[in-house]
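Asker: I'll drop the sequence and a predicted model, then ask my questions.
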Amino acid sequence: MILKLLHKNQIVLILGALLSIFFLKVQIKLPEHLKFELEAQLLSPEDAVAAIYCDDGKGYRSSHMLELPYSPEYRVADATYVFKGRIPCGIGTKKIRFDPLWAEGELILKSFKLRTYRWFEIELDERRGAELTIINGIDKVQSAAGGIKVTSSGQDPIIELTDNVQGYFVVRNRDVFIGILILTPIFAALLKAAQLALSFILVRGEKIELFRQGIENRVDAVISIFTNYIRGSVEKPRDINFLAYLFAFAISIYGSWLFLGAIYPGVSVAYASAFIAAQVSVCFFLLLIAAAGWLLRDTARSWFFPGLAILFAICYVADAQLFRLNGMHISHGLQIMLDGGIQNFQKNLEFTKLSKPLLVAYQIVCLFLILSAFVLAFILGRLKRGFTIKISWKNCISLFVVLISIAYVEQWFSARTKSHSLWSLEQSDIPTYLTFIKAKDFIIEYGVKVKPYPVRGSTEFPQNLTEKVKKRNVYLFILESVRSDVITENVAPNLYKFKGEALNFKKAIANGNATHYGWYSIVNSRIPLYWDTYKSKEHKAGSESLRALKNAGYEIKVHSSKDLSYLSADETMFGSDLQLIDYITKHIPGSIPAIDISVTDTLIQSSINTDVGRASFNIVFWDSTHYPYRWPKTMGATFEPYAGSEESGVSLNSARELAIKNNPMIFNRYKNSIRFSDKLFGRFVNELKRNGLYEDAIIVVVGDHGQQFMEHNYLMHGRTLFSEDLHIPLYIKAPGYSALSSKKVASQVDIMPTILDLLGVGKLGNILSDGQSLVSKNTAGSFGVAAAAGFKNTPFRYVVEIEDWKLVFDLNRNDPLSSNKLYVKNIYDAGDREFIPGGGSKDDYSRFLEDKFGRELKNLPFLDLRSGPL
């Protein structure tokens with residue numbers, strides 16, 4: 001009965017589905033008016049008027065404003081008001097601004113909801129706090145019961161509730177699918193009712209009725225043509241370019257070999273099982289490509305889709321090559337390369353520091369491979385005799401069933417025989433993996449809540465900050481890719497000597513294993529969890545600590561060989577308009593070592609000529625120690641042999657092979673480049689001493705991250721969280737502090753609060769940072785947290801390091817900022833050897849974690865521990 005009804009009304013259902021899609025498409029687009037709902041509790045004064053604005057893409061105007069009087073009609077409880085309505089917005093709207101009061105007063109902003117294609121609640125005390133911007137008139141914004149408390153002490157207080165309106169128009173496929181399922185029967189019922197009503201009216205007129213029947217017959221004819229074409233395509237066996245698909249499959253075998261070589265140490269039953277899983281998944285996607293070309297003409301089916309299949313296999317191998325180098329997939333690499341839009345692709349590509357000829361060669365090879373995939377498919381398509389097979393749609397479905405069955409059986413086998421840690425690596429690292437039985441990729445879990453991005457800032461600065469801050473010149477040297485174990489008397493004598501004169505640490509770690517995370521953690525003094533959220537803000541105020549120092553009269557000078565616009569790092573550190581910077585190096589053409597020398601010359605001259613009455617905060621970025629590790633020819637090479645020439649290295653693949661087979665050839669390049677940077681540092685220190693400026697200066701030396709040379713199966717950095725990736729030099733020399741080798745575990749986020757403490761405003765450092773002062777006696781604990789950058793922009797994998805132990809955990813892989821669970825993955829000792837407590841039971845892990853990491857997990861700067869272990 002139901003099937004008959006559906007068949008009879010198939011046209012109505014199709015039209016209903018089309019209308020629902022059209023309706024959702026219209027809803028998804030930015031409307032002229034945005035619905036909102038806002039709840040606020042007015043504490044003082046008793047009478048006031050608020051307002052809410054949309055920007056029009058250029059600014060805030062009265063035509064895009066709605067007044068919200070705190071009047072009885074909006075009151076829902078004592079002093080609590082709920083405002084509902086529509087904000088008049090423009091097509092280019094990005095921001096929504098709330099003026100809570102006209103002058104002095106207090107209120108608690110409890111909730112704010114915004115409707116685009118559905119209702120969104122902007123959680124004011126959660127991660128959406130990253131979008132809040134205090135513009136003027138606000139004295140304080142702090143967490144309160146059920147929301148945020150806003151205290152105003154001036155005229156026209158303004159809060160931007162979000163600068164990411166467009167983000168609420170990003171639609172999940174699941175939402176669209178559910179919307180279509182719900183709306184289709186509704187629209188179909190309305191259409192059917194309209195049809196019946198229209199029929200009742202139109203049947204009275206013979207001509208009109210004939211016209212109606214004609215339209216219906218034409219629609220039926222079109223649908224019949226389409227359905228007959230589909231039926232004919234499905235039932236009729238068709239030729240496919242079998243040789244092209246076989247060739248694509250053969251290419252993919254090499255890719256699977258590369259992927260599994262990075263996961264399994266050698267050939268075994270588990271390796272063979274994983275290889276079958278990888279190739280079955282490749283076959284599945286090749287079959288999908290073949291099926292997609294089923295309905296097209298013979299010419300496209302003979303070369304275009306086979307060309308896509310070959311290109312898919314080539315991309316699979318290229319992805320495996322990149323993954324083998326540093327654990328990154330092409331998808332994440334492209335996300336980084338396309339940061340800022342397609343127009344920034346070439347510029348972002350140059351940040352890899354590969355030589356221009358090599359970059360051009362790589363791009364030519366990519367274009368050649370794309371073209372050759374289709375040319376080869378075309379040639380193979382011409383060889384019809386003996387190389388094409390006929391296959392029907394039923395055969396295709398049968399093949400899908402067989403492949404899915406093999407994949408399921410393999411996973412059933414894996415669940416009972418494999419190490420779940422290795423099996424989970426298969427599932428996460430092989431990009432085409434078909435998951436039917438998910439590996440348990442954690443040992444134990446905790447209930448957590450991600451803390452909001454701090455909305456505090458200059459509003460909490462003391463008024464007399466200028467008088468409190470000591471005026472001393474500060475020099476912060478950020479060394480590129482330098483790990484702590486290479487700072488020896490033999491490799492870097494000047495830095496080694498400086499280490500002996502400064503506060504240094506047995507264990508200092510980078511808070512992330514990539515440059516952009518390191519810079520953010522050092523300068524902004526925040527854990528990288530918030531990096532992408534902050535980078536995406538349209539209005540960025542920059543480092544709160546630098547802002548405090550600038551307000552105190554410091555000159556902020558940036559001496560950089562690097563282009564700091566990489567991933568918008570300059571705006572993230574120094575503000576959207578670089579408003580925190582008083583001076584930044586003008587780049588000159590030349591080799592990287594030559595630019596490093598020029599930057600050092602400018603730094604020395606600037607330091608000698610600084611006004612006596614005004615202190616400066618100097619940040620120094622050198623670049624020669626970045627891959628491929630360079631130094632000037634005039635310096636010579638202390639460490640030999642090495643691959644390549646002094647100012648140009650070798651390709652990444654060659655470097656990887658050298659790191660495996662002849663490690664000194666590439667590691668000596670690294671040491672020579674560090675020795676060059678060490679000479680520059682020694683020259684700077686000597687000039688300060690010669691001019692009597694050394695003793696009173698605060699000098700900090702820190703690495704941005706470490707560097708691997710295949711110690712853990714990867715080259716460079718970004719994927720793993722081992723000592724080579726994270727352990728960095730961190731030396732602090734300050735007046736009044738003698739040399740000391742501390743057992744504290746220090747990290748990059750501790751640098752800014754330490755500097756502020758050395759300048760006499762240590763309490764301010766605790767407000768503006770996720771770290772703590774390393775010279776304070778009141779530190780809560782000694783541990784560091786680092787994030788892995790090689791997976792996605794908002795990191796989900798972290799390590800907590802204490803003196804003798806390391807704990808690796810994951811947040812929600814798909815949306816780390818919304819995580820409610822912390823998944824413990826591994827425990828390592830200080831030598832990066834995996835440790836299993838007791839017999840490895842859940843209770844054994846629970847006791848060990850509580851004993852060794854209980855305090856640290858409760859004091860993570862970005863998580864609230866709610867329950868666990870579970």
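Answerer: Structure received. Keep in mind that this is a model prediction, so the values were computed, not measured.
Asker: which residues of the stretch 51-200 of the chain fall in strands?
Answerer: With DSSP state E, counting those that start in this stretch as the criterion, the stretch 51-200 of the chain has strands at 60-69, 75-77, 80-88, 96-99, 105-115, 119-121, 133-136, 138-144, 147-152, 158-162.
Asker: and for the stretch 601-750 of the chain?
Answerer: Under DSSP E, counting those that start in this stretch, the stretch 601-750 of the chain gives strands at 616-621, 698-703, 708-709, 715-716, 730-733, 740-747.
Asker: just the residues contacting the last one, thanks.
Answerer: The one in question is strand 740-747. Residues from elsewhere that reach strand 740-747 (Cβ atoms under 8 Å, 6 or more residues apart in numbering): 503-511, 521, 730, 771, 774, 779, 782-786, 801-803. The C-beta positions use only the backbone N, C-alpha and C, and glycine is treated the same way.
Asker: now do stretch 38-50
Answerer: 52, 67-70, 76, 79-84, 98-102, 104-113, 147.
Asker: recalculate using a threshold of 6 Å.
Answerer: Residues outside stretch 38-50 that contact it (Cβ atoms under 6 Å, 6 or more residues apart in numbering) are 68-70, 79-83, 99-101, 105-112.
Asker: contacting residues for the residue lying closest to residue 581 once chain neighbours are set aside?
Answerer: What sits nearest to residue 581 in space, not counting adjacent residues and going by Cβ to Cβ, 6 or more residues apart in numbering, is residue 574, at 5.0 Å. Shown in contact with residue 574 (Cβ under 6 Å, 6+ apart): 542, 580-581.
Asker: per-residue pLDDT, residue 574?
Answerer: With respect to pLDDT, residue 574 scores 95.
Asker: ok, now the one 5 residues further on?
Answerer: Note for residue 579: predicted pLDDT of 92.
Asker: that one - how many residues pack around it?
Answerer: If you count neighbours by other Cβ atoms under 10 Å, residue 579 ends up with 15.
Asker: coming back round to it: ranking the strands of the stretch 601-750 of the chain by burial, who's on top?
Answerer: strand 715-716 (a mean of 26; mean count of other Cβ atoms under 10 Å).
Asker: if you average pLDDT over that one, what comes out?
Answerer: On average, strand 715-716 scores 86.
Asker: next one: stretch 618-628
Answerer: 94.
Asker: quick one: end-to-end distance for that stretch.
Answerer: 27 Å (Cα to Cα, to the nearest Å).
Asker: same question for stretch 83-97.
Answerer: 14 Å.
Asker: buried residues of that stretch, list them for me.
Answerer: 83, 87-90, 93-97 (16 or more other Cβ atoms under 10 Å).
Asker: ok so, going back, need the buried ones from the contacts of strand 740-747 selected in ChimeraX.
Answerer: For anyone working in ChimeraX, the buried entries among the contacts of strand 740-747, judged by 16+ other Cβ under 10 Å, can be selected with:
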select :503,504,505,507,508,509,510,511,521,730,771,774,782,783,784,785,786,801,802
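Asker: neighbours around the residue nearest to residue 846 when sequence neighbours are not counted, how many?
Answerer: With Cβ to Cβ, 6+ apart as the criterion, residue 846 has its nearest non-adjacent residue at 4.6 Å, and that residue is residue 869. Residues near residue 869, counting by other Cβ under 10 Å, number 18.
Asker: confirm residue 869 sits in a helix?
Answerer: No: counting by DSSP: H, G, I helix; E, B strand; the rest coil, one finds residue 869 to be coil, located in no helix.
Asker: still on that earlier bit, got the buried residues of stretch 83-97 as TSV, with pLDDT and distance to residue 765 columns?
Answerer: Putting those into TSV (pLDDT from 0 to 100; distance: Cβ to Cβ, whole Å) gives the following:
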residue	pLDDT	distance to residue 765
83	91	39
87	85	39
88	79	44
89	78	40
90	66	42
93	75	38
94	75	33
95	81	31
96	85	33
97	84	31
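Asker: looking at the strands of the stretch 601-750 of the chain, which is closest to residue 452?
Answerer: Shortest distance between residue 452 and the strands of the stretch 601-750 of the chain, using Cβ to Cβ, is found for strand 740-747: 21.3 Å.
Asker: per-residue confidence averaged over that closest one?
Answerer: In the prediction, strand 740-747 has an average pLDDT of 92.
Asker: output that strand in CSV with nothing but the alpha carbons.
Answerer: What follows is strand 740-747, C-alpha atoms only, in CSV (Å, rounded to 0.1, in the frame of the first residue of the first chain):
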residue,chain,number,x,y,z
LEU,A,740,71.8,28.1,38.0
SER,A,741,70.9,24.8,36.4
SER,A,742,67.4,24.2,37.5
LYS,A,743,65.5,20.9,37.8
LYS,A,744,62.3,22.6,37.0
VAL,A,745,60.5,21.5,33.8
ALA,A,746,60.2,24.8,31.8
SER,A,747,58.4,25.5,28.6
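Asker: quick one: strands adjacent to it?
Answerer: strand 503-509 (parallel) (DSSP bridges).
Asker: the helices in the stretch 201-350 of the chain, which residues?
Answerer: 206-235, 242-263, 269-292, 298-299, 305-326, 330-337, 345-350 (DSSP state H, counting those that start in this stretch).
Asker: show me what the last one is packed against.
Answerer: In terms of contacts (3 or more Cβ pairs under 6 Å, 6 or more residues apart in numbering; DSSP states H and E), helix 345-350 is packed against helix 330-337.
Asker: got a markdown table for the strands of the stretch 601-750 of the chain, with distance to residue 855 too?
Answerer: Shown next, in a markdown table, are the strands of the stretch 601-750 of the chain (distance: least, Cβ to Cβ, whole Å):
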| stretch | distance to residue 855 |
| --- | --- |
| strand 616-621 | 33 |
| strand 698-703 | 25 |
| strand 708-709 | 30 |
| strand 715-716 | 34 |
| strand 730-733 | 22 |
| strand 740-747 | 13 |
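Asker: contacting residues around stretch 842-852?
Answerer: Around stretch 842-852, the neighbours that count as contacts under Cβ under 6 Å, 6+ apart are 443-444, 805, 837-838, 869.
Asker: avg pLDDT for it?
Answerer: 93.
Asker: and the helices of the stretch 201-350 of the chain, which is most packed in?
Answerer: helix 305-326 (a mean of 22).
Asker: generate a markdown table for the contacts of residue 574, with neighbour count, secondary structure and distance to residue 253 as supplementary columns.
Answerer: Shown next, in a markdown table, are those (neighbours: other Cβ atoms under 10 Å; DSSP: H, G, I helix; E, B strand; the rest coil; distance: Cβ to Cβ, whole Å):
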| residue | neighbour count | secondary structure | distance to residue 253 |
| --- | --- | --- | --- |
| 542 | 24 | coil | 50 |
| 580 | 20 | coil | 53 |
| 581 | 20 | coil | 53 |
